[in-house]
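Chemist: Fold the following and give me the result.
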Amino acid sequence: MRSGLARPAGATALGFPVRVLGQSLAPVLPQQVGDWWLEPLGPATILPARAEQRLRAVLAAGVMPRAVVVFHELPAAPPARFPVARRHAVALARALPSMAAAVERSALRLLPVLGWLLIAAARALLLGLAAVLAALVLVDPCLVVVTEDGWWLEVDRWVV
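Modeler: The predicted structure follows:
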């Protein structure tokens, strides 16, 4: 591994532990990975102060990331307080990204001239709704840096 951060000496130099999650050159796209939802870090992503500090420290250490992502743990079962609404929100949050892709495919076939405006609006609406729902139902996020050579390094984890 080029970064050297996963080694104990590298983690000690940063002042916090860095956990190696594994190595993979899988595409970094919003998707479900086991009991987790992977979301690439975007301009709208809000990180806690400690996570931002740790990310800056990793980048200052010379790591050239291929991507920075946030993993959100998907709840195993909805809380008892709002069982039906929470269950539907979880299902909808998981389905909205694929619904956005389906709207995009359909619009491309049906509206070749005005399709781009419709696609952009529908996709933004559905993905925005997915982000809001995901923020409501997802727990225990963790910040992960993906190095150029495919190492996935957990930099921080926090409780929402």
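
Chemist: Can you show me the strands along this structure?
Modeler: With strands called from DSSP state E, the chain shows them at 19-23, 31-33, 36-40, 65-73, 139-147, 151-157.

Chemist: would you turn those strands into TSV with distance to R50, mean pLDDT and mean neighbour count?
Modeler: Yep, even glycine has a C-beta here, placed from its N, CA and C like the rest. Formatted as TSV, the strands of the chain follow (distance: least, Cβ to Cβ, whole Å; pLDDT from 0 to 100; neighbours: other Cβ atoms under 10 Å):
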stretch	distance to R50	mean pLDDT	mean neighbour count
strand 19-23	15	91	13
strand 31-33	24	87	12
strand 36-40	19	90	19
strand 65-73	14	93	19
strand 139-147	10	88	20
strand 151-157	6	93	20
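
Chemist: Identify whichever of these lies nearest to M99.
Modeler: When those are compared by Cβ to Cβ, strand 31-33 sits nearest M99, at 14.2 Å.

Chemist: Adjacent strands (with direction) for that closest one?
Modeler: When pairing is defined by DSSP bridges, strand 31-33 lines up against strand 36-40 (antiparallel).

Chemist: tilt between the partner strand and strand 139-147?
Modeler: Angle, strand 36-40 to strand 139-147, by axes from the mean of the first three to the mean of the last three Cα atoms, to 10 degrees: 50 degrees.
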